[in-house]
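J.: sequence and predicted structure are below.
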Amino acid sequence: MLTLDHTMMRVEDLDAALDWYQTYLDYEEKGRWEAETFTNVFLGPEDVHDQGALLELTYNHDGRTYTMGDAWGHIAVRCEDVYEAYEELMDAGAEDYRDPDSCGGSYAFVKDPDGHEVEIVERDHGAKWSLDHTMLRVEDADEAIGWYVRKLDYDLTRREEFDDFALYFVEPSDAPPEAMSVELTYNYDGRSYELGDAWGHLAVRTDDLHETWGTLVDRHAEDYRDPASCDDRYAFTKDLDGHEIEVVTN
């Protein structure tokens with residue numbers, strides 16, 4: 001099973017980003033990798049599930065700036081009551097972006113300091129503020145669903161179809177409710193999307209990097225960065241819309 005391990009975002013001010021997630025979402029640092037040219041910090045709730053996903057913040061030391069693009073949509077975090085959760089965030093000083101009333105009363109949105117959208121969704125499972133899903137926009141729903149089903153052995157677990165768009169949720173077949181899923185958003189108007197570089201990748205976790213990479217190549221996943229090119233520590237492929245998928249080991 002290729003559990004969803006983390007979602008990576010790039011940030012322009014690491015201290016500001018860490019302060020935001022630690023202040024408003026009560027995240028704690030789960031791990032850090034300090035390299036010569038960049039820093040990776042992994043964050044999550046104190047009581048995150050052992051198959052729950054983390055958030056990776058990547059800070060490049062050269063002072064670059066990033067473009068958001070629109071091929072990535074948001075991360076979503078869990079709460080028991082969206083009105084109470086949003087009021088809590090407002091009282092703590094978070095910026096008012098899209099309150100529950102503007103979203104039909106069932107969800108809401110805030111933004112982090114770099115402009116990444118964070119959706120707040122009501123769930124009866126998982127730690128408060130734990131990652132529920134990451135939303136990606138896709139240009140062909142049938143092909144996108146097929147990629148995740150065939151390449152990663154994921155199941156289509158939920159679908160919501162509306163007048164002008166549809167949402168499809170995919171995840172490993174044996175994933176617990178506390179795990180993260182991927183939301184594929186398909187707009188019917190035929191628009192195309194720009195990836196930007198403010199979002200980095202999704203990561204899936206495996207017990208055997210080389211075996212999993214061989215399976216992906218056999219299934220004609222894009223050979224983007226193979227294990228050998230990544231010091232045999234991880235590897236990268238891409239889905240059909242260009243979203244990068246990292247393969248990491250336990």
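T.: Structure's in. What do you need?
J.: contacting residues around Leu2?
T.: Shown here is Leu2, whose contacts under the criterion Cβ atoms under 8 Å, 6 or more residues apart in numbering are Leu152, Asp153, Tyr154, Pro172, Val204, Arg205, Thr206, Thr212, Val247. To be clear about C-beta, it is placed using only N, CA and C from the backbone, and glycine gets the same treatment.
J.: just the ones of those in strands?
T.: When the contacts of Leu2 are checked against strands (DSSP state E), the matches are Tyr154, Pro172, Val204, Arg205, Thr206, Val247.
J.: look up how far Asp13 lies from the second one.
T.: Meaning Pro172. As defined by Cβ to Cβ, to the nearest Å, Pro172 lies at a distance of 34 Å from Asp13.
J.: PyMOL command for the buried members of the contacts of Leu2?
T.: To isolate the buried subset of those in PyMOL, counting by 16 or more other Cβ atoms under 10 Å, use the following:
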select buried, resi 152+154+172+204+205+206+212+247
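J.: returning to that earlier point: now the ones in strands among the contacts of Leu2 as JSON lines including pLDDT and distance to Thr58?
T.: As requested, these are exported to JSON lines (pLDDT from 0 to 100; distance: Cβ to Cβ, whole Å):
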{"residue": "Tyr154", "pLDDT": "98", "distance to Thr58": "25"}
{"residue": "Pro172", "pLDDT": "97", "distance to Thr58": "25"}
{"residue": "Val204", "pLDDT": "98", "distance to Thr58": "17"}
{"residue": "Arg205", "pLDDT": "98", "distance to Thr58": "18"}
{"residue": "Thr206", "pLDDT": "97", "distance to Thr58": "21"}
{"residue": "Val247", "pLDDT": "98", "distance to Thr58": "17"}
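J.: list just the nearest of those residues to Gln22.
T.: Within the ones in strands among the contacts of Leu2, proximity to Gln22 (Cβ to Cβ) peaks at Arg205, which comes in at 24.0 Å.
J.: the closest one: what's it in contact with?
T.: With the criterion set at Cβ under 8 Å, 6+ apart, Arg205 makes contact with Leu2, Thr3, Leu4, Asp5, Val248, Thr249, Asn250.
J.: do Phe38 as well
T.: Residues near Phe38 by Cβ under 8 Å, 6+ apart: Thr58, Tyr59, Asn60, His61.
J.: can you select the buried ones among those for me in PyMOL?
T.: Isolation of the buried members of the contacts of Phe38 (16+ other Cβ under 10 Å) is achieved in PyMOL through the command below:
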select buried, resi 58+59
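J.: in strands, which of the contacts of Phe38 fall?
T.: Counted as lying in strands by DSSP E, out of the contacts of Phe38, are Thr58, Tyr59, Asn60.
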